[in-house]
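Asks: Quick one, structure for this:
(chains A and B)
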Amino acid sequence: MHTDSISISLDLINRHHQEPNRNRYESRYFWEELYTLIATAGFTGIEIPYEPVWQFGGRSGVPMNRYCVNTKYGDAAGYRALLQTRGIARVTGITFDPNLFMRNDNLGFFFGATGHFAGEALAHAADLGADYFAISPSAYYGRIAQYHPDLDSQIEMFTQRTLDLLGNLASKAAELGVTLVLRNDYWGLFGGEKILPLLDALPDTVKLDLDTAHLHVAGIDAAGFARAHIGRIGCVHLTDTDFVDTAQIWKTPNPEFPANRATQVFRDPGTGSVDLTGIAALLDQLNYHGPVTCSARQTRDPFRALLRSRALLNQFQK
Amino acid sequence: MPNIRYANMSHWKSIPYKQIENFRDFYYEDKTNGAYYSDWDNILKYQSALGFDGIEIAPWDMADILPLFGSPEAFTEFAKARGVEVIGMFHGAHASHAADHYDEAVRSGREAVDTIVRFGGSYMNTCPTQNYFGTGPLSREEVQQCAKVMNEIGAYATDHGVKIGLHNEFFCAINLPNHRELIEITDPRYVHYCIDTAQISIMGEDLLTFYDDYHDRISTFHLKDTASSNQPDSVRYAQDPEITDDGTRWFWEPGKGELDLQGLYHLLKKHAFKGWMSIEYDGSPDLLASMAMTRYYLDNTLRPIYD
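Replies: Purely as a prediction, here's the structure:
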């Protein structure tokens, strides 16, 4: 595997949860230094989690949406130029999840806001020259169930409305030349292999995101999943974990933080139980040449995570 | 019972756990201090141990607190068991200056009051409208419209045992030219004022003069320091000025800035202020350290003047 083409996701910065020194994550200077540190760790490509929330609190120093980028850099081209000066050659992907909009029992609001902001994020991905736009097709199951206690009897309706939303995005993605990729997060309505019927119902241009930790948590062998669906994989996330969900944590309102026993679900790449070196070798065997991104989501120390990720990649066969 | 009771304005970002039972194991996973900032059980105990008996929550906390606790009442009970009561919630009265937004602004304000009542709180500190950038300058009619909304929400709040307090940010569309005008044209029976000591000083008010002038309207305080009083229009009216690009801080812990907080406490004594004072630590890199630093300053510098 050509490790120099593997990107790192900016989700290694813990933007949303409390920790000492978190305040600096909201200022522009932090990110502009971070890009240099990312490049120094050997990554020249980044993935950006698209987060509309930064638009609403005047916190445009966090470069996670179009409003913030336009406020600080004028436009996407200005941001790309800044990245270049810091050693980042490209934005390979944009991710999007709709949890922000699951905040009441109004499904019109949820699907309307999700569709609007996902469309904006997709256009932003095109402006940034990204290869893929990876969307989580549902909010947390447990978050939905909190506002829709009859969720289990409404799955068909949710699925149809989700398909309508994704169908529109698929057309737009094709026009823009960005690959629309579906994430099968373990906590969603379409986790694990439940993503497959959704994929089947969409145009062939829509692909799968192979996220190793999400599969591991759901109890699915990532290597087997890769072999079975290699022709449909549009991007790979090299993520690590020690966690397997044996207590239906995926159905809880805060599934990334198991309520029954605190644990860091996502471990820094190379420090968990997923055989990432084996997955990389398998992807080579299967002639996968699409985008690959490392993610150190939930890391306790982003700078350590950058080097841990590089240490892992250095073990991959060249 | 002291005249002043102390609370913290909650600036904790998402706290993912209610209570961590396996604290040692969680710590050992990566041997960092993440475990120390991950559950409400400990956060509230830190507050309680440092003598902050109240917490003022924020609307942006709701998306995390409600799934975690199930209801406002459950959070309140959990906090009370650790010696902390919910005193109220901040509210942003978005677009209250816009006549065509009147119904929505009032509805949103009433809903926020209802939420506070469920938490057992009694204060709703309210930013009267959004940022100046993209909105200001407001016309006289727009300021009057803003007052109309505040009066309506204030009347509803009063009926439900909640005091709304105007809370001005230094970058709000209500700003130095119309700050006092808005206060004057709101109904003092229903609309009070929360002095954010740093925000109004950055905006250009003299803290001591302002308190002296409006002491009978003051429901509560957001106490914090600043070293950046009297900022020019070009800063206050800029786009997204609250978080600076270079990390410059507007706000500091009481005693770490340049405000005459001792002078304020002499005035509190003169006017016999009784009530809650929320300390704010926005911009702090370490909320727990800020809380301890503030407690020392309160006990050794401010409370000896007036308690």
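Asks: can you map out the helices along the stretch 51-200 of chain B?
Replies: Counting by DSSP state H, counting those that start in this stretch, the stretch 51-200 of chain B forms helices over residues B:62-69, B:72-80, B:102-119, B:140-159, B:179-185, B:197-203, given from the N-terminal end onward.
Asks: Least confident secondary structure element in the chain?
Replies: I'll assume chain A. When the helices and strands of chain A are scored by mean pLDDT, DSSP states H and E, helix A:53-56 comes last with a mean of 89.
Asks: actually chain B
Replies: Least confident helix or strand of chain B, by mean pLDDT, DSSP H and E, is helix B:62-69 with a mean of 90.
Asks: give me every residue that touches the residue in the stretch 1-150 of chain B positioned nearest to chain A.
Replies: Relative to chain A, the nearest point of the stretch 1-150 of chain B is B:Pro67 (3.4 Å; C-beta to the nearest C-beta). Bear in mind the C-beta positions are built from the backbone N, C-alpha and C, glycine included. Contacts of B:Pro67 were listed using C-beta atoms under 8 Å, 6 or more residues apart in numbering or on different chains, and they are A:Gly142, A:Arg143, A:Gln146, A:Pro253, A:Asn254.
Asks: What is the burial count for A:Asn104?
Replies: When neighbours are defined as other C-beta atoms under 10 Å in any protein chain shown, A:Asn104 has 10 of them.
Asks: right, and it touches A:Tyr147 too?
Replies: Yes - using C-beta atoms under 8 Å, A:Asn104 is in contact with A:Tyr147, at 5.9 Å.
Asks: out of the helices of the stretch 51-200 of chain B, which comes closest to A:Ala130?
Replies: Distances from A:Ala130 to each of the helices of the stretch 51-200 of chain B were compared using C-beta to C-beta; the minimum, 27.8 Å, belongs to helix B:62-69.
Asks: the inter-axis angle of that closest one versus helix B:102-119?
Replies: For helix B:62-69 against helix B:102-119, the angle by axes from the mean of the first three to the mean of the last three C-alpha atoms, to 10 degrees is 30 degrees.
Asks: and helix B:62-69 with helix B:72-80, angle?
Replies: Orientation of helix B:62-69 against helix B:72-80 (the same axes, to 10 degrees) gives an angle of 80 degrees.
Asks: Low-confidence stretches in chain A?
Replies: Counting by pLDDT under 70, chain A contains no low-confidence segment.
Asks: Find the closest residue to chain B in it.
Replies: The nearest approach of chain A to chain B comes at A:Pro253, 3.4 Å away (C-beta to the nearest C-beta).
Asks: contacting residues for that residue?
Replies: Residues touching A:Pro253, when contacts are defined by C-beta under 8 Å, 6+ apart, comprise A:Tyr140, A:Gly142, A:Arg143, A:Ala145, A:Gln146, B:Pro67, B:Leu68.
Asks: Now it: which helix or strand?
Replies: Element membership of A:Pro253, judged by DSSP states H and E, is empty: it is in no helix or strand.
Asks: could the helices of the stretch 51-200 of chain B go into a markdown table alongside distance to B:Gly165?
Replies: As requested, the helices of the stretch 51-200 of chain B are exported to a markdown table (distance: least, C-beta to C-beta, whole Å):
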| stretch | distance to B:Gly165 |
| --- | --- |
| helix B:62-69 | 20 |
| helix B:72-80 | 20 |
| helix B:102-119 | 12 |
| helix B:140-159 | 9 |
| helix B:179-185 | 11 |
| helix B:197-203 | 12 |
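Asks: quick one: which of those is nearest B:Ile4?
Replies: When the helices of the stretch 51-200 of chain B are ranked by distance to B:Ile4, counting by C-beta to C-beta, first place goes to helix B:197-203 at 13.6 Å.
Asks: Which elements pack onto the closest one?
Replies: Counting by 3 or more C-beta pairs under 8 Å, 6 or more residues apart in numbering or on different chains; DSSP states H and E, the packing neighbours recorded for helix B:197-203 are helix B:207-214, strand B:218-223.
Asks: Return the most buried member of these.
Replies: With neighbours defined by mean count of other C-beta atoms under 10 Å in any protein chain shown, none of the helices and strands packed on helix B:197-203 is more surrounded on average than strand B:218-223, at a mean of 23.
Asks: Now do the contacts for the closest residue in space to B:Gly204 that isn't next to it in sequence.
Replies: Counting by C-beta to C-beta, 6 or more residues apart in numbering or on different chains, B:Leu176 is the residue found nearest to B:Gly204 once chain neighbours are left out, at 4.5 Å. B:Leu176 is in contact with B:Met203, B:Gly204, B:Glu205, B:Arg236, counting by C-beta under 8 Å, 6+ apart.
Asks: Show me these that map onto strands.
Replies: Nothing among the contacts of B:Leu176 maps onto strands, per DSSP state E.
Asks: What is the nearest of those residues to A:Leu306?
Replies: Using C-beta to C-beta, the shortest approach to A:Leu306 within those belongs to B:Arg236, at 37.9 Å.
Asks: isn't the closest one right up against B:Gln199?
Replies: No - between B:Arg236 and B:Gln199 there is no contact under C-beta under 8 Å: 10.4 Å.
Asks: what sits in contact with each of those two?
Replies: Residues within reach of B:Arg236 and of B:Gln199 at once, by C-beta under 8 Å, 6+ apart, are B:Phe170.
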